[in-house]
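**Q** Whatever this is, show me its structure:
(2 chains)
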Amino acid sequence: DAMVIQNPRYQVTQFGKPVTLSCSQTLNHNVMYWYQQKSSQAPKLLFHYYDKDFNNEADTPDNFQSRRPNTSFCFLDIRSPGLGDAAMYLCATSRGWGGSEADTQYFGPGTRLTVL
Amino acid sequence: SQQGEEDPQALSIQEGENATMNCSYKTSINNLQWYRQNSGRGLVHLILIRSNEREKHSGRLRVTLDTSKKSSSLLITASRAADTASYFCATALASGGSYIPTFGRGTSLIVHP
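**A** Numbers count the residues shown, from 1 in each chain, chains lettered A, B, ... in the order given. The predicted structure is shown next:
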């Protein structure tokens, strides 16, 4: 089945130790998103790609970087994780955007990041 | 700034009752979507309603949109324990010519068996 896959599901890292989260999709969607979600809060958009065009949200810390080497894969790199970066990280895709059903987002199961 | 705000933040009902959640937003939108999230999981898309639509149905779900009041409601009829989840609305804003869905904080629904 076409889907969005995130690995790992659970990631434990140490304070300051770089970590990479991965997302892959078999939907062949143009747009990929990374969200950060803390407990009982709204998902907060960090970045999105339309194809290879990278878009960084204004308030995304420099500590967060992203790569999309091809249509199927997208990575979230946290260069120096702090305790405040502990959260669920959600990857999502959509065919496009523009006010149609193409806006519909398909989410992966998320990666729960713990920072010790 | 956060666009959608769900109300109530938490809702607790008995199985078989109807559950109504509301979403208010601030600026004009192109469409509004509702998503469901089970605890510790990703979000699942439920319904998308366009700004020129007033009501949409999908199974036990009914979504309404009132653009004059900048609000939407999600009604779950004949609720089941399996409907226990958080429900989010997401509104598509204009951002540099593209539309990026922005999520509200969600309504936590508990359905007691």
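**Q** for the helix or strand encompassing residue A:33, packing partners?
**A** Assigned by DSSP states H and E, residue A:33 belongs to strand A:31-37. When contacts are defined as 3 or more CB pairs under 8 Å, 6 or more residues apart in numbering or on different chains; DSSP states H and E, strand A:31-37 packs onto strand A:19-25, strand A:44-50, strand A:73-78, strand A:87-94. All C-beta spots, glycine's among them, are computed from the backbone N, C-alpha and C.
**Q** Make TSV out of the ones you listed and add distance to residue A:6, mean pLDDT and mean neighbour count.
**A** Putting the helices and strands packed on strand A:31-37 into TSV (distance: least, CB to CB, whole Å; pLDDT from 0 to 100; neighbours: other CB atoms under 10 Å in any protein chain shown) gives the following:
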stretch	distance to residue A:6	mean pLDDT	mean neighbour count
strand A:19-25	5	97	19
strand A:44-50	14	92	20
strand A:73-78	10	97	19
strand A:87-94	5	95	24
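**Q** Which one, of these, ends up nearest to chain B?
**A** The closest of the helices and strands packed on strand A:31-37 to chain B is strand A:87-94. By CB to the nearest CB, the value is 5.6 Å.
**Q** the inter-axis angle of that closest one versus strand A:19-25?
**A** Inter-element angle recorded for strand A:87-94 and strand A:19-25: 30 degrees (by axes from the mean of the first three to the mean of the last three CA atoms, to 10 degrees).
**Q** What's the mean pLDDT across the helix or strand following strand A:87-94?
**A** Helices and strands here follow DSSP H and E; after strand A:87-94, the next one along the chain is strand A:106-107. Mean pLDDT, strand A:106-107: 94.
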